[in-house]
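Trainee: sequence and predicted structure are below.
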Amino acid sequence: MTDPNPKPKTVICIGDIHGYITKLQNLWTNLESYIDPLAFQSALIIFLGDYCDRGPNTNQVLHFLISLPSKYPNQTHVFLSGNHDFAFAAFLGVLPGDAASFREGWKEHEEHEEREGWFKGDGYESMHLQGRRWAGRIKTKFNAVRGTEYKGSIYDAGPTFESYGVPHGSADLVKAVPDDHKKFLADLVWVHLEDDVCVETKEEIRYCKLIAVHAGLEEGKSVEEQLKSLKQRDTRVPKVVALSGRKNVWDMPKELAENPTLVVSGHHGKLHIDGLRLIIDEGGGLENNPVAAIVLPSMKIIRDTDNLAK
């Protein structure tokens with residue numbers, strides 16, 4: 001007999017991991033402990049991007065993520081691209097697009113080339129701008145915005161190189177990264193949409209659409225056009241604002257208020273819940289900060305530091 005009141009689907013959105021395998025493993029264990037086993041086994045799990053850089057274990061993080069579909073075959077896994085993952089893929093040469101359009105994109109930001117120390121090693125001639133920035137050597141040593149030392153490049157990519165056994169900025173990384181990791185990075189989506197997600201608030205239970213995108217959507221631009229571009233993964237642009245923007249993608253586009261839509265992002269180094277605008281990045285790639293996830297419909301925040309293991 002079919003249940004006349006089926007439970008709403010469990011959706012888990014996991015914030016930026018940034019190369020911290022132990023944090024990811026602990027968070028996963030806590031999610032498995034907190035959520036009803038049947039719900040967990042059939043959950044939709046959306047990773048919000050930024051799997052690499054800053055932390056020491058990017059290689060292991062990607063291996064963990066790649067293994068999930070075989071270990072949990074009844075779950076649905078969505079892997080969004082963050083700006084760090086986009087740049088890592090750009091360096092490896094696995095982005096869609098061609099060298100001519102990539103070189104064209106350098107011009108728009110060339111005044112920053114010297115300060116950011118763009119990569120000029122083997123293969124740079126056909127590389128997307130973000131790959132060159134990712135593997136470069138930034139001359140400024142201290143990141144005043146984050147209050148931390150740069151780890152090699154403006155993307156803090158040094159630890160990612162080291163996790164694959166090569167020094168920062170070495171073209172040998174292309175050979176060191178396994179093919180399944182390259183495929184994982186090549187296949188990352190820039191946006192994910194769901195038509196029917198349940199959210200519990202103090203006042204009511206709401207069913208709404210969901211848009212998951214690493215940084216957010218721009219206010220004042222057509223949401224439909226932005227989603228179309230993100231689905232196409234147009235790499236001709238040197239900087240994808242929805243993956244790397246800051247203030248201009250923080251708020252919920254007013255256009256979405258007409259049709260209740262949950263917009264979920266990571267990227268911003270903060271945990272921010274404002275109505276249906278969710279930003280889940282409590283870690284920010286900092287060693288002493290937790291990696292967080294939000295569970296729907298309950299809106300419960302779970303962290304790697306929680307003591308939930310049974």
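Mentor: Now that the structure is in, tell me what you want to look at.

Trainee: may I see the buried residues of stretch 278-292?
Mentor: 278-286, 289-292 (16 or more other C-beta atoms under 10 Å). All C-beta spots, glycine's among them, are computed from the backbone N, C-alpha and C.

Trainee: quick check, residue 127 in contact with residue 119.
Mentor: Yes. If you go by C-beta atoms under 8 Å, residue 127 and residue 119 touch, sitting 7.1 Å apart.

Trainee: of the buried residues of stretch 278-292, closest to residue 147?
Mentor: Closest approach between these and residue 147, by C-beta to C-beta: residue 286, at 9.1 Å.

Trainee: which SS class is the most centrally placed residue in the chain?
Mentor: For the chain, the residue sitting closest to the mean C-alpha position, by C-alpha atoms, centre = their mean, is residue 49 at 1.1 Å. Following DSSP: H, G, I helix; E, B strand; the rest coil, the label given to residue 49 is coil.

Trainee: can you list contacts of stretch 224-234?
Mentor: 96, 189, 190, 191, 193, 211, 213, 217, 218, 242 (C-beta atoms under 8 Å, 6 or more residues apart in numbering).

Trainee: residues contacting the third one?
Mentor: Counting by C-beta under 8 Å, 6+ apart, residue 190 makes contact with 80, 81, 213, 214, 230, 231, 233, 240, 242, 243.

Trainee: any residues in contact with both of residue 127 and residue 119?
Mentor: residue 91.

Trainee: those two: which has the busier surroundings?
Mentor: Between residue 127 and residue 119, counting by other C-beta atoms under 10 Å, residue 127 is the more crowded of the two (25 against 21).

Trainee: need the three-state assignment for residue 257.
Mentor: Of the three states, residue 257 takes helix according to three-state DSSP.

Trainee: can you count the residues close to it?
Mentor: Close neighbours of residue 257, defined as other C-beta under 10 Å, add up to 11.

Trainee: show the pLDDT at residue 8.
Mentor: On pLDDT, residue 8 comes in at 89.

Trainee: was I right about residue 32 contacting residue 40?
Mentor: Yes. Using C-beta under 8 Å, residue 32 is in contact with residue 40, at 5.8 Å.

Trainee: just to revisit the earlier point, how about the residue nearest to the centre of the chain: what's its closest non-neighbour residue?
Mentor: residue 82 (2.8 Å; C-beta to C-beta, 6 or more residues apart in numbering).

Trainee: I'd assumed residue 51 was in contact with the one you found.
Mentor: Yes. The criterion here is C-beta under 8 Å, and residue 82 meets it with residue 51 at 7.2 Å.

Trainee: for this structure, what spans make up the strands?
Mentor: Using DSSP state E, the strands of the chain run over 11-14, 44-47, 76-79, 142-143, 148-149, 192-200, 205-212, 261-265, 271-274, 277-280, 292-296, 300-303.

Trainee: with pLDDT and distance to residue 62 added, can I get the buried residues of stretch 278-292 in a markdown table?
Mentor: Shown next, in a markdown table, are the buried residues of stretch 278-292 (pLDDT from 0 to 100; distance: C-beta to C-beta, whole Å):
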| residue | pLDDT | distance to residue 62 |
| --- | --- | --- |
| 278 | 98 | 25 |
| 279 | 98 | 24 |
| 280 | 98 | 20 |
| 281 | 98 | 19 |
| 282 | 97 | 21 |
| 283 | 95 | 17 |
| 284 | 96 | 20 |
| 285 | 96 | 16 |
| 286 | 96 | 20 |
| 289 | 97 | 21 |
| 290 | 98 | 21 |
| 291 | 98 | 15 |
| 292 | 98 | 20 |
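
Trainee: closest one to residue 104 out of those residues, please.
Mentor: Each of the buried residues of stretch 278-292 was scored against residue 104 by C-beta to C-beta, and residue 285 proved nearest at 30.4 Å.

Trainee: so how far is residue 268 from residue 251?
Mentor: Distance from residue 251 to residue 268, counting by C-beta to C-beta, to the nearest Å: 12 Å.

Trainee: cool, and residue 242?
Mentor: For residue 242 relative to residue 268 (C-beta to C-beta), the value is 13 Å.
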